Structures are given as structure tokens and as C-alpha cells.
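In: Here is my input, please return the structure:
(2 chains)
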Protein chains: 2
Amino acid sequence: MKFKIKKNILLEGLNNVSKALSNRNIIPVLNGILFELDSEGLSLMATDNDLTIKTFIKKDDILNIESEGKIVIIGRYILDIVRKLPFDEIEIEDIDGGKAVISTPNAKYNLNCFDTNDFPKIDISENDKPIKLLSGKFKEIVNQTVFSTSTQESRPLLTGINLKIVGDILETVATDSYRLSKKIIKLGKDINNNINIVIPAKNVIELIKILENEESELVLYCFSNKILFKYENILFQSSLLNGTYPNTDTLIPTNFETKLLVNLTNFYDVVDRASLLTQVKDKNIVQLEIKDNNIIITSSSPEIGKVEEVMTVKILSGSNMKISFSAKYMMEALKSFASEEVIIMLNGEIKPIIIKETEVGDLTQLILPIKTY
Amino acid sequence: MKFKIKKNILLEGLNNVSKALSNRNIIPVLNGILFELDSEGLSLMATDNDLTIKTFIKKDDILNIESEGKIVIIGRYILDIVRKLPFDEIEIEDIDGGKAVISTPNAKYNLNCFDTNDFPKIDISENDKPIKLLSGKFKEIVNQTVFSTSTQESRPLLTGINLKIVGDILETVATDSYRLSKKIIKLGKDINNNINIVIPAKNVIELIKILENEESELVLYCFSNKILFKYENILFQSSLLNGTYPNTDTLIPTNFETKLLVNLTNFYDVVDRASLLTQVKDKNIVQLEIKDNNIIITSSSPEIGKVEEVMTVKILSGSNMKISFSAKYMMEALKSFASEEVIIMLNGEIKPIIIKETEVGDLTQLILPIKTY
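Out: Numbering: from 1, shown residues only, chains lettered A, B, ... in the order given. Prediction:
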């Protein structure tokens, strides 16, 4: 293998596939990036056996292909070296069957390589049921829900986000059992087969880092045990979590005693300030009291002190009440909205708190209250 | 105590004194900031018993003083609260002898306070031997030397920087015994008493964060066991390290066999790239070989590979040789220069490497080579 390429083109490809590099080092070859050069161009691939990313650089974007071949280079070093080289053109060659030489006019890097036979054989193929949407839309859906996934391995399914498609309706749900995020969008075109899968949150988070161009198309290919995303010249394949995701439809009430219209930024800031005094991360409880046309947010910590802040809101229905919740959960839920105002809907102090942009909004945030007595 | 003040004025004062807050929490009151309000204005003070910072807000900068008094408020919370409050005017009052109430039109924070009697009594007074220089100059001296101080507590004196004044010459030295930084400046005015003190590096680093206005005057008052810095409305007092700092004058050679003139940025980048393959932090050894009108920088790691980069330099004197050194130390030393080129001076492969801007420059960086055979 021997070829010459512009630094920036190679760097972009390496940056994208490196998101699948394993940090855990159990299997050494998973620290490597597979370079495969043939007459069509150069493909780069990295995998941790759970997440696989592959990108393709067409021969037109390569300055010179002298000989074809394949090689597995340690990902971390090739990325650092290419990033820091001051020259615009880089030559890469394999020598002695096991070393890569990266050279520019003044510099020569010899890197030990992995055996290409040790690199996992991973099937990345499309099926005939593509689901198409804008990458910017997919990014939005993920950002509005993924923070509610669980980080606890005790209930593995809850560490993923649930993607359901029925007809032309795509529903995304994430929950850690204390809060829930749900977003519904229309695909604009019927998908003939229904889909109900759970994708590991950590992989989806890596994917949306790659989706830079919001106007580009993202194509999803769902399989029984994996999902393949196609975006520009990148293939991104994730395993799925096994099992049946809990049915969360019944958790979200449809009737509410109390409805408040609040200014999003002001309410966020009030909760943020109230939580300053409750900085023990798992117990940052604040209390909301509805009193006439105001809400009063309070919190207290015996060691530090207490805070009380008053905010004017619009009471759409309901009467005076009190409810307590996690400031962290409330702030994360509020951040998922782009609107100026949100509606907070309640059914007494022990029933879920629901937040939506409008009563019929396509994004629902649910937070369970905390009993404080 | 009861007064009203503009948020930004109070925040600036709190930010400055909070740099002396203890992180270790052994003595609770050291987490507090002492507020002292009298008819002249408000003073804020924090200390960890080693470093003390005091600032004064004149009565003209206070909106309203209703009653005088003093109080010790938990530093971390008062700082966060004041920073996040959306109102421009804040009222602070002490109630029940032990609580502070911070209020704005809509919000009220009650904070538990420490007993003012527990707050250390610290003498901060000037003497009649002020040493004056521009704060920007002092910042430069510190930034050019402080990185060479030791972080090992085994030789406590080396964790400080040595400040020596003889006549009108101020000399600053820092060393961890593997490298040394030395800077000499003229004060422009004779100091009648000679000075030779060692200031803890961690305190000097906090001080230079405060020195925002480079054109402001910084006044030093040296005592046998402490040093007081006066900058704008801030008093900054640090303890000194006890003992006699090693005499380092004899360590720096005055004659050299070999002298190279190198482009600073290019040489830095070459060393940086060579060190990519030697990322075990304590052992990032690179080798420099002088060969005709070039230097060849190499480094290698049996597991990863090797690198060789060639750079054209100007050989002022001397002949072909090889020398090895820590890439990290070389890069930190190079960063202390603002010039386009530096001179590297050598006396064979086991003698110190000296870097200066010119042969008579006022900043000297010394690095001991590493034997690699």
C-alpha cells in the first residue's frame, strides 16, 4: 500500500471513524483503524465490536495511489500525527508487512501496526427498507430525549433510547424510571414494517457528533440485532439492546388539575439559583408552591441556609398547591425546549410533572415529584 | 450590618478574595469570607492561613450603608449566588447574629454564617521599604519561571520561586533540580536592603490571576516571614518558605562549545510532534542530533514506533553531536520566550542545555540532558 493524500481530507476521515475506537484496550487491535486502499479509493474503519464506523474517500480525493493494500494503524497516534503535521500533503506506505511509514518532506514516522487478520470482520450492509430523514431532525430528537436515559447498568434496556415507528409516525422515548422524555415526529411517508428497537445511548451520542451538516440526509436501516446509519460518506453501525422496552404510554396523564404557563428562561434561572444551596448532586430538591398568580420556589439545606424566590406566572387552571422535584432533572428537561414559554401540568403533589411547549406539543418531558415529608 | 451594593462591584471583590479560600476544609471558618462594613466602606477578606487576600470597596461605590458590622459568609455560596442573580442591586443584612440575608426584589437567600470570632486575626500592614514595579512586568517574570518549580513536597524549598534583590537588580529563579529558569530585571531604583526570599509557587500563581491591568503598579513589602503585595484596591499576603535557597549561579555555564540559532515556533512544533510517540509523561525523551546545517529530532518507543524529523538551523559554533532531553521540559522552556528565534547553547551530551533569546538575554532556561545509553 502506498498513496499520497491531502492532510485535511485524511484528518476528517480519521476524526469520524475514531469515535468508534475502544477506550478499554482489552483487545489491542480494537485500538486500530483499518486502512483499505483499492482502485476505487480509501476506506477507513474502526470498531469496538459494538459500534462500527466506516468512511470512504473516493479516488478523486486522493492525490496519488501507487499501490493498493490494507493495514491497521494505531488510531490514537495516526490521528495525533496527522493533526499536528504542518505539511499539506502526506504519504502513507506500508513496509516490512507490519509497519506504516507516514512521511512529509522533512518528517518520517514509522508506526508499528496490527495484523490485518486480527481485525474483526464486520458485515456492514444496507437492506431494502431505508428510513430517510434530515440529519438535523434526528439530532434534535436525540438531544431532546437522550439525557433521560439511565446510566445504571442494573437495568440495561434503560441505558438506550427506544425508537418506534408505526406507519409514518416515529416515536422516541428515554427514561431512567424517575423521568421520561418522549418526542414524536411524522416521517412524511409510511414505513411498511413497524419498528421497535432500543439503541445504546452512548452510540447515539457519538453519532450525533458526526452529523455536522444538518441539511444532509440520514438513512436508517433497521435489522433485528443492529441498526445502520448512512450519512454522507459515513456508515455508522450500532448494536441494539436486547429485550422489550417498557410500555410508557400509560405513564403520561392526559388530564390535569393544574396548568401553568411559565417563561422558559426565567423559570430555568430561578430553579438554577434555588439549587445552588442543594449541591449534593443526588438530592438537589427544590419546592414549587403555587400561590395566587405567583410561584414560589424554595430550597433549603440545614447546614447552609435557605432560599426563596418569587416568580410571576400565568395560572391556566387549578389552585394553590406545593410540589417538590429534582432541580437537575427540571433544568435538563427545560433545556430541551426552544420555545419562549412552556406549560407545566400537574395533578397534585405525588403525581408526575409534565412539561410541554403547548398542550398538543410533540415533545413531552415527565418528571416524578419527590416526597419531602 | 445592612447595605445595598451593585452586583458587579461586589462580584469583582468576591472573585478576587475567593482565590485565598481553602479547598481542604479542615478549619471550617477558612471557607468563609469576612465582610467588614464601617463608615469608610466594605472590606472583604479570605485566608487559608498561608495566603490572605483582602480588598476594599470605598463607601462611594456602595449604594447605601444602613448599619455597620461584620459577618463571615460561606465563600463558595455567596460567590455563586451573587454571580447568578439577575438583579443589578443586592441588599445584604445580618439577622439573628448568625445569618446573612441576601435579597433582591424577588429573591431572598438566608445563609448560615461562621462566628466572626473564629476568623483568624491576620496582620496585614505595609512597611517603609516598598518595592515598586508594573504588574505586567511581575506577571511576565512569574510566567517565565514558575513552571520550573518542583511539585514534590520532598524538597519544600524548590516548590517556591526565589526572589533576590541586590541594588536595583531583581533576580527570579525556579528549579526542580532537573531544569532551571532564571530571569533578571532592573528595578530602575536602588533598594537599600538586599532581599533573598522564597515564595510558594501556588500563591504566586493565584496572585498573577488577579493582576488583570498590566499597567497598574504592584508594590511589594518584604518581611522576614511573609510578603505583602499591593495592587489597586487589593492586598495579597503570602507566607514565605523557610530555609536557604540553593545557590544556582554556578550551575549555568558561561562558555559553550556549540551554539545554534533556531526558529522558535518551528523548533517547538518539531519537538511537539516527536514527543507524540513518547507519551508516557515522565519519559518523553527526544534526541537532537546536529549534522551539518541541520538538526535531526528523533524519538522512539518499542511498542509504538519511531519518528525522525529534519529542521534547518544556523550553527553559530561547534560541530556534529547528539543530545537527549525531556520534550515536555523543552517545550515549557521554549514557551517562555516571545522572540522569533532562540539560541541553544551546549557543551557536549552530558552538560546542561541553555536556551536564551540572545547570548546576553535576561531570561535563561536550563535543562539537564538525559543519558540514553
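In: from here on, contacts and neighbour counts on C-alpha atoms
Out: Will do.
In: If A:S103 is in a bridge, with which residues?
Out: A:S103 forms beta bridges with A:E91, A:K108, as assigned by DSSP bridges.
In: That one reaches A:I92, doesn't it?
Out: Yes: with contact taken as Cα atoms under 8 Å, A:S103 and A:I92 are classed as touching, separated by 6.5 Å.
In: Who has more neighbours out of the two?
Out: A:S103 (21 against 18; other Cα atoms under 10 Å in any protein chain shown).
In: so A:L111 is in which element?
Out: Assigned by DSSP states H and E, A:L111 belongs to strand A:107-114.
In: Run through the neighbouring helices and strands of that strand.
Out: strand A:69-74, strand A:99-103, strand B:305-312 (3 or more Cα pairs under 8 Å, 6 or more residues apart in numbering or on different chains; DSSP states H and E).
In: how about those strands, which one is nearest B:I78?
Out: strand A:69-74 (48.9 Å; Cα to Cα).
In: And stretch A:189-199, what's buried?
Out: Under the neighbour-count criterion of 16 or more other Cα atoms under 10 Å in any protein chain shown, stretch A:189-199 has A:191, A:196-199 buried.
In: mind putting those residues in TSV, pLDDT, distance to B:L10 and secondary structure included?
Out: Conversion of the buried residues of stretch A:189-199 to TSV gives the following (pLDDT from 0 to 100; distance: Cα to Cα, whole Å; DSSP: H, G, I helix; E, B strand; the rest coil):
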residue	pLDDT	distance to B:L10	secondary structure
A:I191	82	60	coil
A:N196	96	56	strand
A:I197	97	54	strand
A:V198	98	51	strand
A:I199	98	49	strand
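In: ok, so of the residues you listed, who is nearest chain B?
Out: When the buried residues of stretch A:189-199 are compared for distance to chain B (Cα to the nearest Cα), A:I199 wins out at 34.8 Å.
In: surely the closest one meets A:N242?
Out: No: counting by Cα under 8 Å, A:I199 stays clear of A:N242, with 9.4 Å between them.
In: restrict the buried residues of stretch A:189-199 to those near chain B?
Out: Among the buried residues of stretch A:189-199, not one lies near chain B by Cα under 8 Å from any Cα of the partner chain.
In: closest to A:S43 among the residues you listed?
Out: Distance to A:S43, by Cα to Cα, is smallest for A:I199 among the buried residues of stretch A:189-199, at 25.4 Å.
In: Next one: that closest one relative to A:L240, how far apart?
Out: The gap separating A:I199 from A:L240 is 5 Å, by Cα to Cα, to the nearest Å.
In: joint contacts of those two?
Out: Counting by Cα atoms under 8 Å, 6 or more residues apart in numbering or on different chains, the common neighbours of A:I199 and A:L240 are A:I227.
In: Save the helices and strands packed on strand A:107-114 as JSON lines, and put in distance to B:G32 and mean pLDDT too.
Out: Below are the helices and strands packed on strand A:107-114 laid out as JSON lines (distance: least, Cα to Cα, whole Å; pLDDT from 0 to 100):
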{"stretch": "strand A:69-74", "distance to B:G32": "50", "mean pLDDT": "95"}
{"stretch": "strand A:99-103", "distance to B:G32": "56", "mean pLDDT": "95"}
{"stretch": "strand B:305-312", "distance to B:G32": "53", "mean pLDDT": "94"}
